[in-house]
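>>> The sequence isn't on hand, but the structure is:
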């Protein structure tokens, strides 16, 4: 069942990568985005705003990097199936969700426009976080549960030998 979740993360990371690559291509070529979907036509306003760059780098390029990392982590997880990889996947997806929440807030309250591609990316990041939590649940230790301390087996008593007598 966990493998299905990892495959779903792999697929969603690919979709997020395609979404971010389309936005990055717009940034590089300057072509207008096609975004008149259900009267949500603010994509170009959001993409051309001053908020679309962080440290001089377009957010779309950060998205390509983010989804590329998630894609690689999910692919490695399919091969290695490692708990540490699943935790790293959770950490990256949490960073993506927090970032998406921040930039969606900027869209709504500061720019006053709504980008369907940005919202799609935010939803993909959220679903990936949910799936990553599903494949490796975060479990808290209760007060009555003892700490898992690995004890070393007792050492055997030393073997003393006598030197040969002359």
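Received it, and whenever you're ready, just let me know what you need. Quick caveat, the model's predicted, so the values are computed rather than measured. Numbers count the residues shown, from 1 in each chain.

>>> Low-confidence bits of the chain, can you list those?
38-40, 139-154, 157-158, 160, 162, 166 (pLDDT under 70).

>>> remind me, longest helix of it?
Criterion DSSP state H: the longest helix present in the chain is helix 2-29.

>>> And that one, what's buried?
Judged by neighbour count (16 or more other CB atoms under 10 Å), helix 2-29 contains these buried residues: 5-6, 8-10, 12-14, 16-17, 19-21, 23-24, 26-27. (Each C-beta comes from the backbone N, C-alpha and C, glycine too.)

>>> Identify each of the strands in this structure and give its residue range.
With DSSP state E as the definition, the chain shows strands at residue ranges 53-54, 57-58.

>>> In a markdown table, list the ones you listed along with distance to residue 64.
Below are those laid out as a markdown table (distance: least, CB to CB, whole Å):
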| stretch | distance to residue 64 |
| --- | --- |
| strand 53-54 | 14 |
| strand 57-58 | 9 |
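
>>> okay, these in CSV with mean neighbour count and distance to residue 119 next?
Below are the strands of the chain laid out as CSV (neighbours: other CB atoms under 10 Å; distance: least, CB to CB, whole Å):
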stretch, mean neighbour count, distance to residue 119
strand 53-54, 13, 19
strand 57-58, 14, 17
